[in-house]
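J.: Below is the structure, and that's it, no one-letter string:
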Ligand SMILES: [Zn+2]
């Protein structure tokens, strides 16, 4: 069991190991292939696959003829055997998803952020939305492993509570893990949104490209989710990945920290809209820790993107400046970590990427950002696989990850 979570692991290390290999093979694997990949004996493997089959987690998926001898039976994931719920608490919009064991989203809902009431009322409202979504998904509750919750930091991973995330004042100090478990009856994993995002990307990374990777998360806030040696980096207190105060533009806007040109306020979606003449419903102080709630800027961001795509100079300038700032941040983080890959995504990125993606690539390859790079090879950047709901899907993947991913540490407590 990890900090911030009360999720029990499902099955033994060997079961997790075998299940992980099977789920990564879309066409299924035979017992012979599994034995070769795990090093387990035929007898042990037979016991493990029987238990997974008894649990309904895997099933037979036809036979394949491979050389002489009798055809081999393929074992494949039974994706509908278990489910997980993901909740993303965000100042702009709350997103909920139900995913199956393959990570596919089978139900999704969005709600205006809950920003009024006591902690218990806020959590009760989330629990009611989760319950409604599980019903809508047509999933039996017994098959739901738990709820993953992704929230902006800082949070107290040990106690499973939010501390003082910006723009979410009513949630400050709320014991999300224990309160939501009490309200929903389900096990809870609470994680910082950027960490949930990298866990989600890793769940879908069947080629091991993200063993050492950085996820640049661009939403209402900006942060970095990190993976090193195949495991997400949570840090000592669960709050790793804060890059909001990285200075990307010494002449940029003032920041709540007292300096100018920090990444957070420089790429704040509200600032982009204001600079493009498309101010959102409200423009509070930028980069502040306790400003008014972030407005829902989705429609305005789409408008900004369309204007830039048409070549309107003001919108293009805003996009180009944002691309430059993001590129600078990616270079700095990559200089620190020397990652194998940089994944970029998040709700704001997803909306702006039709234009921002190419500008970002250009800025990464040239200009000041390139001058700062100390990497000995080009930075490999790719878009997120999880789209606009990345933090919610990542939160649900936390549940699957903790239930099913085999980690060497688990060997110490299992037989
Ligand atoms: Zn700052």
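T.: Structure received. Model, not experiment: these values are computed from the prediction.
J.: Helix, strand or coil: sort out residue 370 for me.
T.: Of the three states, residue 370 takes helix under DSSP: H, G, I helix; E, B strand; the rest coil.
J.: Near it, how many other residues are there?
T.: 15 (other CB atoms under 10 Å). Glycine gets a C-beta too; all of them are placed from N, C-alpha and C.
J.: doesn't residue 322 fall inside a helix?
T.: Yes. Assigned with three-state DSSP, residue 322 falls within a helix.
J.: what's the closest non-adjacent residue to it?
T.: residue 267 (5.4 Å; CB to CB, 6 or more residues apart in numbering).
J.: who touches the one you found in this structure?
T.: Neighbouring residues of residue 267 by CB atoms under 8 Å, 6 or more residues apart in numbering: 218, 222, 322, 325, 326.
J.: The one residue sitting closest to the centre of the chain is in what secondary structure piece?
T.: Central residue of the chain (CA atoms, centre = their mean): residue 197, 1.3 Å from the mean position. Residue 197 belongs to helix 193-203 when assigned by DSSP states H and E.
J.: Equivalent analysis for residue 344, please.
T.: Using DSSP H and E, residue 344 sits in strand 341-345.
J.: Relative to that strand, what are the paired strands and their orientations?
T.: Partner strands and pairing direction for strand 341-345 (DSSP bridges) are strand 213-218 (parallel), strand 381-383 (parallel).
J.: so the longest one versus helix 193-203, what angle?
T.: In other words, strand 213-218. 130 degrees (axes from the mean of the first three to the mean of the last three CA atoms, to 10 degrees).
J.: Could you list the contact residues of this structure toward the ion?
T.: The chain has residues 245, 255, 257, 262 near the ion, with proximity defined as CB under 5 Å from the ion.
J.: ok so, going back, show me what the helix holding residue 197 is packed up against.
T.: Under the contact criterion of 3 or more CB pairs under 8 Å, 6 or more residues apart in numbering; DSSP states H and E, helix 193-203 touches strand 83-88, strand 144-151, strand 213-218, strand 222-228, strand 231-232, strand 341-345, helix 390-404.
J.: quick one: it to chain centroid distance?
T.: 3 Å (CA atoms, centre = their mean, to the nearest Å).
J.: try stretch 133-144
T.: 22 Å.
J.: what mean pLDDT would you report for that stretch?
T.: Averaged across stretch 133-144, pLDDT comes to 96.
J.: tell me which residues in it are buried?
T.: Counting neighbours by 16 or more other CB atoms under 10 Å, one finds that the buried residues in stretch 133-144 are 133, 134, 137, 139, 144.
J.: Check which helix or strand the second one maps to.
T.: In this case it means residue 134. Going by DSSP H and E, residue 134 is in helix 119-137.
J.: List the buried residues for that helix?
T.: Buried, per 16+ other CB under 10 Å, within helix 119-137: 119, 122-127, 129-131, 133-134, 137.
J.: List of residues touching the strand holding residue 344?
T.: 197-198, 201, 209-210, 212-218, 326, 330, 333-334, 360, 379-384, 386-387, 390.
J.: Would you mind writing the ChimeraX command to select the buried ones in the residues you listed?
T.: Buried members of those, defined by 16+ other CB under 10 Å, are picked up in ChimeraX with:
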select :197,198,201,210,212,213,214,215,216,217,218,326,330,333,334,360,379,381,384,386,390
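J.: quick one, strands of the stretch 1-150 of the chain?
T.: 29-30, 58-64, 72-77, 83-88, 94-100, 105-111, 144-151 (DSSP state E, counting those that start in this stretch).
J.: Ranked by average pLDDT, which of those strands falls at the bottom?
T.: strand 58-64 (a mean of 88).
J.: In its sheet, which strands sit next to that strand, and in what direction?
T.: Strand pairing for strand 58-64, determined by DSSP bridges: strand 72-77 (antiparallel).
J.: I would like the residues contacting the strand it pairs with, please.
T.: The contact list for strand 72-77, computed with CB under 8 Å, 6+ apart, reads 19, 22-23, 25, 27-34, 49, 53, 57-66, 101-102.
J.: try stretch 317-330
T.: Contacts of stretch 317-330 (CB under 8 Å, 6+ apart): 214, 216, 218, 222, 243, 246, 248-249, 252, 263, 266-267, 272, 275-276, 304-305, 308, 342, 344, 352, 355-356, 359-360, 362-364, 367-369, 372, 379, 381.
J.: Would you indicate which residues of that stretch are buried?
T.: In stretch 317-330, counting by 16+ other CB under 10 Å, buried: 318-330.
J.: circling back: so how far is the strand holding residue 344 from its chain's centroid?
T.: From the chain centre to the centre of strand 341-345 is a distance of 11 Å (CA atoms, centre = their mean).
J.: what's the answer for stretch 82-99, then?
T.: 11 Å.
J.: roughly how far apart are the residue nearest to residue 322 and the ion?
T.: Per CB to the ion, to the nearest Å, residue 267 is found 12 Å from the ion.
J.: Verify the contact between residue 403 and residue 145 for me.
T.: Yes. Using CB atoms under 8 Å, residue 403 is in contact with residue 145, at 5.3 Å.
J.: Domain-wise, how is the protein divided?
T.: The chain breaks down into these domains under automatic domain parsing: 13-80, 81-200+392-403, 207-384.
J.: The residue nearest to the centre of the chain and residue 225 touch, don't they?
T.: Yes. Counting by CB under 8 Å, residue 225 is a contact partner of residue 197 at 4.7 Å.
J.: Name the residues contacting each of those two.
T.: 215, 217.
J.: Checking the closest residue to the ion within the stretch 51-200 of the chain next. Helix, strand or coil?
T.: Residue nearest to the ion within the stretch 51-200 of the chain (CB to the ion): residue 166, separated by 11.7 Å. Following three-state DSSP, residue 166 is assigned to coil.
J.: For residue 332, see how far away it is.
T.: 21 Å (CB to CB, to the nearest Å).
J.: What of residue 19?
T.: Noted for residue 19: a distance of 38 Å to residue 332, by CB to CB.
J.: same question, residue 378
T.: 16 Å.
J.: Looking at those two, which has the bigger crowd around it?
T.: Taking neighbours as other CB under 10 Å, residue 378 and residue 332 compare with residue 332 leading, 20 against 10.
J.: Test my guess that that one contacts residue 375.
T.: No. Between residue 332 and residue 375 there is no contact under CB under 8 Å: 11.2 Å.
J.: Alright, that wraps it up for me.
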